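Student: starting from these lines, generate the structure:
(chains A, B, C and D)
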Number of protein chains: 2
Amino acid sequence: MASIKDVAEAAGVSTATVSRVLSNGLHVRPEVRERVKAAVERLDYRPNLVARSLRSQQSTTIGLIVSDIRNPFFTSLSRAVEDTMYEQGFSVLLCNTDEQPEKEAIYLNLMRDTSIAGVIISPTRRTVASFTDSNNPFPVVVVDRSIPNVDVDAVLLDNVDAAYRLTTHLIEQGYRRIGALCSDMSTGLERQTGYEKALREHGLALRAEHVKYVPPKMEAGYAAALKMIDTAEPSDALFTVNSLLAAGALQAIQERHLTIPDDIALVTFDETTWASLVQPAITLIAQPTYEIGQTAAELLLQRIADPGRSTRQVILKGQLLVRGSSTPRR
Amino acid sequence: MASIKDVAEAAGVSTATVSRVLSNGLHVRPEVRERVKAAVERLDYRPNLVARSLRSQQSTTIGLIVSDIRNPFFTSLSRAVEDTMYEQGFSVLLCNTDEQPEKEAIYLNLMRDTSIAGVIISPTRRTVASFTDSNNPFPVVVVDRSIPNVDVDAVLLDNVDAAYRLTTHLIEQGYRRIGALCSDMSTGLERQTGYEKALREHGLALRAEHVKYVPPKMEAGYAAALKMIDTAEPSDALFTVNSLLAAGALQAIQERHLTIPDDIALVTFDETTWASLVQPAITLIAQPTYEIGQTAAELLLQRIADPGRSTRQVILKGQLLVRGSSTPRR
DNA sequence: TTGAAAGCGATACCAC
DNA sequence: GTGGTATCGCTTTCAA
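Tutor: Have a look, this model is predicted:
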């Protein structure tokens, strides 16, 4: 493969001049510039990005660290990030952590070792605990989960508000024994807060057995939902904090042959293919997932361009989509 | 950040020795080795992978090029690839092409420019057309779509057989006017072949208006399905070649208030969350997606380790899951 | 405007 | 076994 040296020879100039032509073309006689460009063309020369990166201590790769790309929220997010980065000539290293701080740490180290341009991360709980903005030698944008008291760029949903609206909707529809399938990530806890706020404001009792902490997996949602159904006083509505839990809950409801929304309501977060295809369709808070990813990518690009700028936290509102799963006829 | 030079100084040895200790530890006195390791520890030294990559002309990053990560098949595939690569210390660059040969070409160039270790790709039609094994200066494993007459590692589904079984099942259930929503990718065409083979073998007419070529998007599936429904002689069964088309078709069926499976059957490829949650659940050919990704990753790793080995094509069978969407009571 | 040359931080060859 | 040093391919002063 042709190197910059070959091009320099072919064009009868030095490598420095070739480099100048390729980087911005400034301070090069038009005539020479054309000669170099012709040589580049002829030799099908493409700069070695590894060498460039080593010398310039920069790179055009960013890291995207999420817990599991199969979670529809992260799938959509990653697509948006990739799109936005692609437009700016960056590429995306995809990393799944499975909520394991060890995997996350390894990936964060990898980023450091490759002098990556920056990272978009949905942090595990441990990272959240130990995070400081000086921890990492590269720009970081946090998505989905907040890191309190740390000065870092972030794109988040107004979780408390969204959960409050979703729960209030259930109450207004006449549901009273609203079970909540939550998670112990910041996102889940904030949504739980919104849920509890709604109950409290409407004079409903907060009962511990109505809230379960569940790992964000369909099977876990299934098991937890069954527990809430198979009791003397079963829930008349299920509030889940993400689509995986909702899918598990729906499976449980179907297996017990309960009718939605009459026997039991089901509401959740995140729009998915299935939520609008099942009948009745599922009432939910739709996150602007693509917009979240795009915004995170843009924040990161801006910080890469200007490391000194002040940090911003972008808080987006969810959209309540009322559908059949929470609107009984009676 | 500490460099190998700092470690060498701290340990009182040359950089060459440090490099030896870190790469394999061979030909180094145990005593010296310990001294170096201690220095590494003390300085929190981590080798700069960019420098290593430049000098050794290798890397531990692989590229994964798919049309759209949001297609559940690719989501699952990418997760499997990432898992397998992670275990071997490799990381994954994710690239979406949207079936655009230009984007694909740019990414392929990027791979070349970063001396990437290898690539797993679901090629667009143009790549398929121009692909030769000498095209790319790095190992390639093809997934999902076949490249005829080219000697390249590949992991594929036995599409003809799978589609044949799926269609035969429909015929055996009494369906006669089976519409097919296909795609013009090799995968779609092979599945169409299996569909046609089944019709032919059972003495059913092949009618051109029963087959539509549709871009792999939900909206396109929706529109195409409507066309097959809203005719004088509507289909009594819909065969779609991927889950996106099936989702669109289901939406169309629901909108026309048709009953599955009595008014119309629906069968497809790829297991998804929604296919088992809707009622009736969808009959389909489940691809072993995780296994496909894992196998592709393993093939790639093996070829990276031994570029001279003979190529293999792994053909996996799909699993026919018969469910409610194709089994009428009558 | 242009070129020579010094690195970026590793690896690997060749002496010793 | 160990060290010196050329080298990977580029960018970036510094001089001219």
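Student: for the closest residue to residue A:165 other than its chain neighbours, helix, strand, or coil?
Tutor: Counting by C-beta to C-beta, 6 or more residues apart in numbering or on different chains, residue A:320 is the residue found nearest to residue A:165 once chain neighbours are left out, at 5.2 Å. Heads up, the C-betas are built off the backbone N, CA and C, glycines and all. Reduced to three states with DSSP: H, G, I helix; E, B strand; the rest coil, the structure at residue A:320 is strand.
Student: residue contacts, residue A:320?
Tutor: When contacts are counted by C-beta atoms under 8 Å, 6 or more residues apart in numbering or on different chains, residue A:320 touches A:162, A:165, A:166, A:169, A:283, A:284, A:285.
Student: my read is that the second one contacts residue A:285, right?
Tutor: Yes - under the contact definition of C-beta atoms under 8 Å, residue A:165 touches residue A:285, with a separation of 7.4 Å.
Student: neighbour-wise, which of these two wins?
Tutor: residue A:285 (26 against 17; other C-beta atoms under 10 Å in any protein chain shown).
Student: and the helix or strand hosting that one, what's buried?
Tutor: For residue A:285, the host element (DSSP states H and E) is strand A:283-286. For strand A:283-286, burial by neighbour count (16 or more other C-beta atoms under 10 Å in any protein chain shown) applies to A:283, A:284, A:285.
Student: likewise stretch A:53-62?
Tutor: A:53, A:54, A:59, A:60, A:61, A:62.
Student: could you do stretch A:117-135 as well?
Tutor: For stretch A:117-135, by 16+ other C-beta under 10 Å, it's A:117, A:118, A:119, A:120, A:121, A:122, A:123, A:124, A:127, A:128, A:131.
Student: equivalent analysis for stretch A:1-11, please.
Tutor: A:4, A:6, A:7, A:8, A:10, A:11.
Student: pull the residues that contact it.
Tutor: Contacts of stretch A:1-11 (C-beta under 8 Å, 6+ apart): A:14-15, A:17-19, A:32, A:35-36, A:38-40, A:42-48, B:112, B:137.
Student: common neighbours of residue A:165 and residue A:285, please.
Tutor: In contact with both residue A:165 and residue A:285: A:318, A:320, using C-beta under 8 Å, 6+ apart.
Student: what ranges does the stretch 1-150 of chain A have for its strands?
Tutor: All strands of the stretch 1-150 of chain A, identified by DSSP state E, counting those that start in this stretch, fall at A:61-66, A:91-96, A:118-121, A:140-143.
Student: keeping just the C-alphas, turn the first one into PDB.
Tutor: This means strand A:61-66. Extracted C-alpha coordinates of strand A:61-66, given in PDB (Å, rounded to 0.1, in the frame of the first residue of the first chain):
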ATOM      1  CA  THR A  61     -13.300   6.900  16.900                       C
ATOM      2  CA  ILE A  62     -15.700   7.300  19.800                       C
ATOM      3  CA  GLY A  63     -16.800   4.600  22.200                       C
ATOM      4  CA  LEU A  64     -20.400   3.800  23.000                       C
ATOM      5  CA  ILE A  65     -20.800   1.900  26.200                       C
ATOM      6  CA  VAL A  66     -24.200   0.500  27.100                       C
END
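Student: apart from its neighbours in sequence, what residue is nearest residue A:251?
Tutor: Sequence neighbours aside, residue A:222 is the residue nearest to residue A:251 in space, at 5.1 Å (criterion: C-beta to C-beta, 6+ apart).
Student: which strand or helix spans that neighbour?
Tutor: helix A:218-229.
Student: show me which residues of that helix are buried.
Tutor: Applying a neighbour-count criterion of 16+ other C-beta under 10 Å, one finds A:218, A:220, A:221, A:222, A:224, A:225, A:226, A:228, A:229 buried in helix A:218-229.
Student: now for the residue nearest to residue A:140 when sequence neighbours are not counted: which residues touch it?
Tutor: The shortest distance from residue A:140 to any non-neighbouring residue, by C-beta to C-beta, 6+ apart, is to residue A:119 (5.1 Å). By C-beta under 8 Å, 6+ apart, residue A:119 lies in contact with A:62, A:63, A:64, A:65, A:108, A:111, A:136, A:138, A:139, A:140, A:141, A:300.
Student: now tabulate these in a markdown table and tack on pLDDT and distance to residue B:176.
Tutor: Compiled in a markdown table, the contacts of residue A:119 are given as follows (pLDDT from 0 to 100; distance: C-beta to C-beta, whole Å):
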| residue | pLDDT | distance to residue B:176 |
| --- | --- | --- |
| A:62 | 98 | 54 |
| A:63 | 98 | 54 |
| A:64 | 98 | 49 |
| A:65 | 98 | 52 |
| A:108 | 96 | 59 |
| A:111 | 97 | 58 |
| A:136 | 88 | 63 |
| A:138 | 96 | 62 |
| A:139 | 96 | 61 |
| A:140 | 96 | 59 |
| A:141 | 97 | 56 |
| A:300 | 98 | 56 |
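Student: reformat those as CSV; add distance to residue A:71.
Tutor: Formatted as CSV, the contacts of residue A:119 follow (distance: C-beta to C-beta, whole Å):
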residue, distance to residue A:71
A:62, 20
A:63, 18
A:64, 13
A:65, 13
A:108, 20
A:111, 21
A:136, 24
A:138, 25
A:139, 24
A:140, 21
A:141, 19
A:300, 21
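Student: among those, the buried ones, what's the ChimeraX command?
Tutor: Those of those that count as buried under 16+ other C-beta under 10 Å are selected in ChimeraX with:
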select /A:62,63,64,65,108,111,136,138,139,140,141,300
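Student: one step back: gap between the residue nearest to residue A:165 and residue A:236?
Tutor: 20 Å (C-beta to C-beta, to the nearest Å).
Student: since we're on residue A:105, how many residues are nearby?
Tutor: Number of residues near residue A:105 (other C-beta under 10 Å) recorded here: 15.
Student: report pLDDT for it.
Tutor: pLDDT for residue A:105: 95.
Student: could you measure from it over to chain B?
Tutor: 12 Å (C-beta to the nearest C-beta, to the nearest Å).
Student: re earlier: now the contacts of residue A:320 as TSV including distance to residue A:99 and pLDDT?
Tutor: TSV is the format used below for these (distance: C-beta to C-beta, whole Å; pLDDT from 0 to 100):
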residue	distance to residue A:99	pLDDT
A:162	22	98
A:165	27	98
A:166	24	98
A:169	30	98
A:283	27	98
A:284	23	98
A:285	22	98
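Student: any idea which of these is closest to chain B?
Tutor: residue A:284 (14.1 Å; C-beta to the nearest C-beta).
Student: that closest one touches residue A:321, doesn't it?
Tutor: Yes - between residue A:284 and residue A:321 there is a contact under C-beta under 8 Å: 5.7 Å.
Student: for the residue of the stretch 201-330 of chain A at minimum distance from chain B, give me phi and psi.
Tutor: Closest contact between the stretch 201-330 of chain A and chain B, by C-beta to the nearest C-beta, is at residue A:274 (3.1 Å). Main-chain torsions, residue A:274, degrees, to the nearest 10: phi -70, psi -30.
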